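A.B. asks: here's my sequence, what's the structure:
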Amino acid sequence: METHMTHFKELLEKELRTVTDELRTLGIHNPENPHDWVATSTETMVGEADENVSADHAEALEERTATLADLERRYNDTVRALEKIEAGTYGICEISGEPIEEERLQANPAARTCVAHKEEEVSLA
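C.D. replies: Model (predicted):
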């Protein structure tokens with residue numbers, strides 16, 4: 001079992017590096033909340049912009065914010081999974097308390113639920 005934990009820890013650490021790098025391209029880490037990232041704009045506005053340019057900037061920021069939200073969820077799930085490995089609770093479904101199937105963990109090492117409760121995972125806090 002220790003070999004499995006080492007394997008999953010390596011996968012999770014790699015995922016954490018990847019997601020963190022992606023997050024840094026879209027936003028900044030909120031120093032007041034370690035689980036929160038804030039989207040940043042790539043555009044700087046000098047003077048008055050016309051309405052179309054302003055609308056384009058707002059739309060781009062909205063898209064960045066949506067992408068960042070998905071990455072932030074992946075980031076937090078990955079951090080949580082690594083904490084569970086350290087605590088000895090990794091691989092246990094947060095809803096049923098039963099072991100998460102190894103196939104599910106191979107597909108998604110940060111999974112928080114077993115296959116039976118997969119659809120409910122998004123509602124977990």
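
A.B. asks: where does this protein dip in pLDDT?
C.D. replies: Applying pLDDT under 70 to the chain picks out residues 1-2, 42-49, 53-54, 57.

A.B. asks: where exactly do the helices run in it?
C.D. replies: Using DSSP state H, the helices found in the chain span residues 2-26, 51-87, 102-107.

A.B. asks: format these as JSON lines; extra columns: distance to His35.
C.D. replies: (C-beta placed from N, C-alpha, C; glycine too.) What follows is these, written out as JSON lines (distance: least, C-beta to C-beta, whole Å):
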{"stretch": "helix 2-26", "distance to His35": "12"}
{"stretch": "helix 51-87", "distance to His35": "5"}
{"stretch": "helix 102-107", "distance to His35": "22"}
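
A.B. asks: dump those helices into a markdown table; add distance to Glu32 and mean neighbour count as well.
C.D. replies: Shown next, in a markdown table, are those (distance: least, C-beta to C-beta, whole Å; neighbours: other C-beta atoms under 10 Å):
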| stretch | distance to Glu32 | mean neighbour count |
| --- | --- | --- |
| helix 2-26 | 16 | 14 |
| helix 51-87 | 15 | 15 |
| helix 102-107 | 32 | 13 |
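
A.B. asks: indicate which one of those helices is closest to Glu121.
C.D. replies: Closest approach to Glu121 among those (C-beta to C-beta): helix 51-87, 8.8 Å.

A.B. asks: tell me the contacts of Ala107?
C.D. replies: Neighbouring residues of Ala107 by C-beta atoms under 8 Å, 6 or more residues apart in numbering: there are none.

A.B. asks: what sits closest to the residue positioned nearest the centre of the chain if chain neighbours are left out?
C.D. replies: Closest to where the C-alpha atoms of the chain average out (C-alpha atoms, centre = their mean) is Arg74, at 1.7 Å. Computed as C-beta to C-beta, 6 or more residues apart in numbering, the closest residue to Arg74 that is not its neighbour in sequence is Val19, at 5.0 Å.

A.B. asks: sweet, I'm off.
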